[in-house]
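Enquirer: next one to model:
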Amino acid sequence: MNLRGNLVFLLLLVLFVTALLITLTPNVSASLPVKNIDTAEEFTTIQAAIDDSDTLDGHTILVDAGTYYEHVTVSKSLTLQGENRDHTVIDGSGSGNVIYVTANYVTISGFKVTNGEYGIHLIGNWAINHITIRDVIITSNSGTAFYAPHSGGYHIIEDCIISNNGGVSYAHQFGNSIIRNCEVFGNTGSLSVAWGSDTLITNNEVHHNTGGIWLDSMAYTIVEKNKVYNNDGVGIGVGYAASYNTIRDNVVRCNNIGIHMNYYNVRNNKIYHNDVIENGLQALDKGTNNIWDDYYPSGGNYWSDYAGIDDYNGPSQDILGSDGIGDTPYVFDENNQDNYPLMEPAWAPPPVGGFWVPINKTALLAPWIGLASLLTVTAASLVYVKHRKKKQN
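Expert: Down below sits the predicted model:
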């Protein structure tokens, strides 16, 4: 290959590497951090994006990582999507509602909500419904993390971390809703829902608060597959006029009181297949007609301090041969007992939480960029050496 050919090859290689680098280099052109993806408009604050006249119900607002010192009022049916919950921070500067929701069908995802009085506050309106809080950290607020007085229900709180707040939740008329896959720790108060029905609280980890999970005047609600441990007060509590709720498949460990039916009007609730372990007081029932097992052969709960044996089986435990159920009831107060205590823990929940790590395309392609650069330098050196030899000859 002659010198001209070598130079053409070198030029093409340099152009290829340059194009590759341009493709992989982030766009550094000036842009604002908050974007309405439906209108392509950009804003400096989240509130400005919401208030813009072109922002309509059903739109999505994307928010780049950064700290936004705002009190955000969501007055339209929008999706607010932060870049990631660890680094997209809405800071209330020590006061007020960090996020105040006054519209239906709102989704808030990918934020850290911090340093306010209330973290996320739903307006007290029976018509407010279908609010989704997903993948959000609510932390270090002086008052309640999630405050929903008199809402219309149909809410979802999932994949969230609620930590170090003055309160966890106050959710009045919290019906037809779901709280799942959340970690709740270091707060004053309990994960509390009230005066609703048909709600699911599942697969949460609730620990090191002044209370665990609390149902107040709820009905037909299921509390299942939660880890509730090391809370100063009650692990799982059911209060006032709560009835026909199911508490099952939970691990309730090292709380002051494990499971508590705490009012005479708490009735017809069913509690079974829970692992009740090393609580100061394992259980207390001040209610009426609450059932502490799932009959035979399904069984009741595992009690770490149960001292009975398992030599017999059958509904009356009078047939020789073990069945994994204690032969005598577990009596925990003068009026209540688990008729079919389990000899072994019934259920062990999977770890709760986790995080999503986006793929770093630049990092993945870095070795190839390095190889291309090395090839460029090598080719240039070969051409230079060959050219020198020709001149010497």
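
Enquirer: what about Asp318, how many neighbours?
Expert: Neighbour count of Asp318, defined by other C-beta atoms under 10 Å: 9. Placement of C-beta: from N, CA and C, glycine included.

Enquirer: now swap in the one 5 residues further on and tell me
Expert: One way to gauge burial is a neighbour count; for Asp323, by other C-beta under 10 Å, it gives 18.

Enquirer: what are the neighbouring residues in contact with it?
Expert: 297, 310, 312-314 (C-beta atoms under 8 Å, 6 or more residues apart in numbering).

Enquirer: the helices in this protein, which residues?
Expert: Under the criterion DSSP state H, the chain contains helices at 3-24, 46-51, 361-392.

Enquirer: re earlier: drop anything exposed from the contacts of Asp323.
Expert: By neighbour count, with 16 or more other C-beta atoms under 10 Å, the contacts of Asp323 hold 310, 312-313 as buried.

Enquirer: just give me the closest of the residues you listed to Asp64.
Expert: Closest approach to Asp64 among those (C-beta to C-beta): Asp310, at 60.1 Å.

Enquirer: I'd say that closest one and Ile325 touch.
Expert: Yes - counting by C-beta atoms under 8 Å, Asp310 touches Ile325, with 6.6 Å between them.

Enquirer: low-confidence ranges in the stretch 201-350 of the chain?
Expert: Across the stretch 201-350 of the chain, residues meeting the criterion (pLDDT under 70) sit at 347-350.

Enquirer: how about 50 then?
Expert: 349-350 (pLDDT under 50).

Enquirer: ok, the stretch 1-150 of the chain next?
Expert: Using pLDDT under 50, the flagged stretches of the stretch 1-150 of the chain are 21-22, 26-28.

Enquirer: if we use 70, what do you get?
Expert: 1-30.

Enquirer: ok, and the closest non-adjacent residue to Leu122?
Expert: Excluding the flanking residues, the one nearest Leu122 by C-beta to C-beta, 6 or more residues apart in numbering is Ala148, at 4.1 Å.

Enquirer: contacts only, for that neighbour.
Expert: By C-beta under 8 Å, 6+ apart, the contact set of Ala148 is 121-122, 128, 131, 155, 169-172, 174.

Enquirer: please redo it, this time with the cut-off set to 7 Å
Expert: Residues near Ala148 by C-beta atoms under 7 Å, 6 or more residues apart in numbering: 122, 170-172, 174.

Enquirer: can I get those residues in a markdown table including distance to Pro329 and neighbour count?
Expert: Below are the contacts of Ala148 laid out as a markdown table (distance: C-beta to C-beta, whole Å; neighbours: other C-beta atoms under 10 Å):
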| residue | distance to Pro329 | neighbour count |
| --- | --- | --- |
| Leu122 | 44 | 28 |
| Tyr170 | 37 | 21 |
| Ala171 | 36 | 28 |
| His172 | 37 | 19 |
| Phe174 | 34 | 29 |
